[in-house]
Structures are given as C-alpha cells and as structure tokens.
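**Q** Sequence first, then the predicted structure:
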Amino acid sequence: MIIRTQAAAAFALLALAGALPAQAADESAYDRCSVIASPERRLACFDEVQKARGHAPAPQAVQAEKRRSFGLGATRLGADEDKAVTVRVAAAGQGHDGRLWIRTEDGAVWDQTDTAVVAQPPKPGGQMRIRRGAIGSYLCDVTRWQSVRCQRRP
C-alpha cells in the first residue's frame, strides 16, 4: 500500500515537472502577445497561442457567433466577416412612425431607418436577406424587389 502511494506521488511529481516548462513557455507566449498595441494583431497572437495548445475554437461555434452578432457593429468588416446573412422572419410590423420592424427567429430585431414605403412587409416564416451597406449601414431585402435601410437593435 505504501509503495503504491509512493509510486503515485513520484509519478505525479514527474508529470508536474514535465508540465512546468510547458506552462512557463505558454505564459511567456501570452506575455509576448499582451504587449502588442494593435487589437487585431494582439487577438491573432492570442489565437495562435491557443491553437498551439490545442484549444482552437470549433468552426461551427465561430460561425454561430458571427451570425449571432451580425449587425451589432462590435467588429469592423474584415476579409473573413460575412457581408450578408439570410434570416427567417418570426414577426414583422410597423411602428407608430410607419417604419417597418422585423424580429428574426434568432431573436434579433431590425428597424427600418429610411422613410421608404414598404408595400408588402415580410411574412412570418419567410426568409429575408440582410446585407452590409456603405459606411456601416445595413440593407434589409424585405422582398425580392425592395430593400430598405435598417439597423439592428442592441
């Protein structure tokens, strides 16, 4: 019994001794990343450290997060960001000012920002395309033939 306990303790010490240099290397890599001034480059550096440790995010999780945050303006348009998404409409209506509002099945609410008259609002269950416009704006393709400027509620 005592021999088993001593063997287990010795094995644990050897495993810990082997992990300490790797942990120190990870910490120095994180330190190297933390001094980078550019937020984009700093995040890319941290991502590379995580990938090297085997902790890369699942591609499905990345896509789901990009889709969920589309239109919130938290990120700048980059080469890997979506320029448009297709969503399913849960509800649509007009506000007291006559402008259209649309709630998607994922819970996002989009409000019309221009004054165009929408002849036929999208129907619940139908699909709608939302695409990036110029200078941080968005266009909601409410029908195949009509688009309105829109913005997402936070």
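**A** Yes, it's here.

**Q** residue contacts, I130?
**A** Residues in contact with I130 (Cβ atoms under 8 Å, 6 or more residues apart in numbering) are 70-71, 84-87, 110, 138-141, 150. Where C-beta positions appear, they are placed from N, C-alpha and C, glycine not excepted.

**Q** Make a markdown table out of those and add secondary structure and pLDDT.
**A** Shown next, in a markdown table, are those (DSSP: H, G, I helix; E, B strand; the rest coil; pLDDT from 0 to 100):
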| residue | secondary structure | pLDDT |
| --- | --- | --- |
| F70 | coil | 69 |
| G71 | coil | 65 |
| A84 | strand | 87 |
| V85 | strand | 89 |
| T86 | strand | 91 |
| V87 | strand | 91 |
| W110 | strand | 93 |
| Y138 | strand | 92 |
| L139 | strand | 93 |
| C140 | strand | 93 |
| D141 | strand | 93 |
| C150 | strand | 93 |
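
**Q** What's the ChimeraX line that selects buried ones from those residues?
**A** Buried members of these can be picked out in ChimeraX with the line below, counting by 16 or more other Cβ atoms under 10 Å:
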select :70,71,85,87,110,138,139,140,141,150
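
**Q** Let me know the closest of the contacts of I130 to G125.
**A** V87 (11.6 Å; Cβ to Cβ).

**Q** my read: that closest one touches V109, true?
**A** No: with contacts counted by Cβ atoms under 8 Å, V87 stays clear of V109, the gap being 11.2 Å.
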